[in-house]
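Engineer: Okay, predicted coordinates and the sequence, questions at the end:
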Amino acid sequence: MSLGLSSSSQQVYNTTLVILTNDQDGDKERLLWEIINWEENPPEREYPLPGFEWYEVHGDPRTLNALVTRGILNVVFRSNKSCSYETADREAIKRALSDYRGLIQPPEEDHIIPPDLFDIVIGHDGKKELIIRSIDAPEPVHFLLYGVPASAKSLMLEELNRLPRSKFILGSNLSKAGLYDVLLNEKDKPRFLIIDELDKIDDQSNLAALLSLMERGIITETKYKRHREIKLKCWVFASANRIERIPAELMSRFLLLNFKPYTDTEFIDIAVNVLTKREDVNESIALYISKQVMDKLSSRDVRDTVKVARLLKGDTKTEVDHVMGILSKQR
């Protein structure tokens, strides 16, 4: 396939693609990006020499010499103590690296929305419609679900996690470079990034990654001797209890959906729905658990009904009363 390159550049491009395709561990891809980054941002040296040496790009000399043999690198200086290299055609290699990322990016197949998506969530019909419209949109529209705890936000996110190529993460669990690792290192890049507890992300590198992803669809990580970049079409759905801690520039990239506390009727309807469909609880017992949790524990958190159901050793009201009696004494 001709790309409008000269014959020599085309050869470097083709060879680089072959090398990357056979690079199962990604070591050569990492090395080539380090080489490109070094050549474009060479460090200051006390005694300038042409090219780079193996240790400056963290490359094995045997690998570098193999790239010389393949025509990807040239030797520009050699002595008894050292050997320096440079790229044969930096722009052709960069183009191959970028195109390779596109080749291994999972195809944008028609994503199938489960027909029962959100069926377990009672009410919030307008919010459901907007989110489904977003999923069907040709370009990403991002949503932030915010409001008091136990108001169906997490339940909505759990349902979205059923979508193909979705990735669910907790904001409070992200490490310093967590988002970069999720978005850059995984073989199957997520189409839907689902973040619970967005307000608990406090590392600036993670926030910067989100800003770039949501605004431009590009993830770039540049560190000393390390450069990684991909284009990624990704929808972001997040939740937060409090939005005051979320930076304004990140908030502006979301459409906001406000979740208010359940009424008594809404809580019972949702809890019964969850217990019968997810926990396989008899409907009458599910109704009894829901009312007891609301009355005895003063809770409208569906998670509490699930916890009680899982503690039962039988499907009887007596068993529910026994568990609830113990829990009530702990309050």
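Structural biologist: Noted; the coordinates are in hand. It should be emphasised that the depicted structure is a prediction, and the values quoted were computed from it without experimental measurement. Numbering: from 1, shown residues only.

Engineer: Please spell out the segments of this protein that come in under the pLDDT threshold.
Structural biologist: Across the chain, the ranges flagged by pLDDT under 70 are 1-4, 24-25, 101-111, 174-178, 184-188, 204-205, 220-229.

Engineer: which ones are touching F168?
Structural biologist: L157, E158, N161, I194, D196 (Cβ atoms under 8 Å, 6 or more residues apart in numbering). C-betas here are computed from N, CA, C, even on glycine.

Engineer: how does it look with 10 Å?
Structural biologist: Listed by Cβ atoms under 10 Å, 6 or more residues apart in numbering, the contact set of F168 reads L157, E158, L160, N161, R162, P190, F192, L193, I194, I195, D196, F237.

Engineer: The helix or strand hosting the last one: partners in the sheet, and parallel or antiparallel?
Structural biologist: Secondary structure assigned from DSSP states H and E places F237 in strand 235-240. On the basis of DSSP bridges, the sheet neighbours of strand 235-240 come out as strand 143-147 (parallel), strand 192-196 (parallel).

Engineer: Show me the one of the ones you listed that comes nearest S84.
Structural biologist: With Cβ to Cβ, the closest approach to S84 among the strands paired with strand 235-240 belongs to strand 192-196: 42.1 Å.

Engineer: continuing past that closest one, what's the next helix or strand?
Structural biologist: By DSSP H and E, the next helix or strand past strand 192-196 is helix 204-216.

Engineer: Return the angle between stretch directions for that following helix and strand 192-196.
Structural biologist: 140 degrees (axes from the mean of the first three to the mean of the last three Cα atoms, to 10 degrees).

Engineer: packing partners for helix 204-216?
Structural biologist: When contacts are defined as 3 or more Cβ pairs under 10 Å, 6 or more residues apart in numbering; DSSP states H and E, helix 204-216 packs onto helix 178-180, strand 192-196, strand 218-223, strand 226-231, strand 235-240, helix 248-251.

Engineer: one more time with 7 Å
Structural biologist: For helix 204-216, the packing partners by 3 or more Cβ pairs under 7 Å, 6 or more residues apart in numbering; DSSP states H and E come out as helix 178-180, strand 218-223, helix 248-251.

Engineer: So what touches the last one?
Structural biologist: Residues from elsewhere that reach helix 248-251 (Cβ atoms under 7 Å, 6 or more residues apart in numbering): L207, L210, L211, I243.

Engineer: for the third one, what are its contacts?
Structural biologist: Taking Cβ under 7 Å, 6+ apart, we find L211 in contact with E249, L250.

Engineer: any idea how far it is from T318?
Structural biologist: Going from L211 to T318 by Cβ to Cβ, to the nearest Å gives 55 Å.

Engineer: And the last one, by the same measure?
Structural biologist: Taking Cβ to Cβ as the criterion, I243 is separated from T318 by 44 Å.

Engineer: More neighbours: which of those two?
Structural biologist: I243 (16 against 7; other Cβ atoms under 10 Å).

Engineer: burial of the nearest residue to that one once chain neighbours are set aside, as a residue count?
Structural biologist: The shortest distance from I243 to any non-neighbouring residue, by Cβ to Cβ, 6 or more residues apart in numbering, is to Y146 (5.1 Å). Neighbours of Y146 under the rule other Cβ under 10 Å: 22.

Engineer: Y146 contacts L256, correct?
Structural biologist: Yes: counting by Cβ atoms under 7 Å, Y146 does reach L256; the two are 6.4 Å apart.

Engineer: Mind listing the shared neighbours of these two?
Structural biologist: With Cβ under 7 Å, 6+ apart, Y146 and L256 have no common neighbours.
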